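Novice: Requesting a structural model of the entry that follows:
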Amino acid sequence: MSVFRDKNASVHHARARFCFYGLRAALLIAPAVLMASSGPAHAAPPAAQSAPKTATPTPKSNKPAHKTPTLQDYSAALLHASSPTESAMILSDMDGLRRAHTDPTTALLQHRATRDLDAQKNDEAVSDLSDAMTLQPDQTILRRDRAAAQIAAGHYDAAITDLGIYLQAEPADPQAWATLAQAEMGRKDYKAALSAWERMLALAPQISGGQEHLKELRLKAFGRAT
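Specialist: Model prediction:
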């Protein structure tokens, strides 16, 4: 379980999410941000009738206030994840945080893009995501989403352009480096794909299948596994 998941956490909103795992792009709709919710405040018990009617000062609590995890916190946790399952959960939480301010109309466009990809209408998916970017240009992760759709459409150069811009803003996003590796493989630039995959593993060493894909890319890039 992700180290930042609270037992009282509840789903705050359902958002359109785009995830990339391994060496293929997968566009999914899933719940987004898990907001840690604090329990309701309890009223103090009523005072006895014989007690003087004076306000009793509330003692100060020494318990530290709850701190909402940041992307930096999640990145640190990802480096120390103990299993691929924990890594996947942390990546999901990171994406939820990145998508926390997705507008409803933007989410609908993402959902339509997912349907287009399922129907092999890849260029239409790219168009949907371009519309989403125009509608909400501050939502940087939409550029990573469009890159994944560009790969599905076979537009590898366009995907690399999108990812180059996105990674300037989000260099610690492992899924972006994995998506870049996929785009470079599409161009048959295996050395560049290997470099991107190594960057991904440096951020998420426990990602599922990470070492196996690393060996495959080294064989393609250099004709040997090491």
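
Novice: going forward, measure contacts and count neighbours with C-alpha atoms only.
Specialist: Will do.

Novice: Which is the succeeding secondary structure element to the helix-or-strand element of the chain with minimal mean pLDDT?
Specialist: Between all helices and strands in the chain, the lowest mean by mean pLDDT, DSSP states H and E belongs to strand 34-35, at a mean of 23. Per DSSP states H and E, the first helix or strand lying C-terminal to strand 34-35 is helix 71-79.

Novice: What is the subsequent helix or strand relative to that following helix?
Specialist: For helix 71-79, the following helix or strand on the C-terminal side (DSSP H and E) is helix 84-98.

Novice: Buried ones in the helix or strand just after that next one, by neighbour count?
Specialist: Past helix 84-98, heading to the C-terminal end, the next element that is a helix or strand (DSSP H and E) is helix 104-118. Residues Thr106, Ala107, Leu109, Gln110, His111, Arg112, Ala113, Thr114, Arg115, Asp116, Leu117 are the ones in helix 104-118 that count as buried (16 or more other Cα atoms under 10 Å).

Novice: For the helix or strand hosting Ala192, list the C-alpha coordinates in CSV.
Specialist: Assigned by DSSP H and E, Ala192 belongs to helix 190-203. Provided in CSV are the C-alpha atoms of helix 190-203 (Å, rounded to 0.1, in the frame of the first residue of the first chain):
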residue,chain,number,x,y,z
TYR,A,190,16.9,2.2,-29.7
LYS,A,191,19.8,4.0,-28.0
ALA,A,192,17.5,7.0,-27.3
ALA,A,193,14.8,4.6,-26.1
LEU,A,194,17.3,3.0,-23.8
SER,A,195,18.4,6.3,-22.4
ALA,A,196,14.7,7.3,-21.7
TRP,A,197,14.0,3.9,-20.1
GLU,A,198,17.1,4.3,-17.8
ARG,A,199,15.8,7.7,-16.7
MET,A,200,12.5,6.1,-15.9
LEU,A,201,14.1,3.4,-13.8
ALA,A,202,16.2,5.9,-11.9
LEU,A,203,12.9,7.5,-10.7
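
Novice: so Asp138 sits in a helix?
Specialist: No - the assignment for Asp138, made by DSSP: H, G, I helix; E, B strand; the rest coil, is coil rather than a helix.

Novice: For it, grab the count of nearby residues.
Specialist: Asp138 has 11 neighbouring residues, counting by other Cα atoms under 10 Å.

Novice: Then Asp95?
Specialist: When neighbours are defined as other Cα under 10 Å, Asp95 has 20 of them.

Novice: Next: His80.
Specialist: Residue neighbour count, defined by other Cα under 10 Å, stands at 15 for His80.

Novice: Could you report the distance from it to Gly209?
Specialist: Between His80 and Gly209 the computed distance is 17 Å (Cα to Cα, to the nearest Å).
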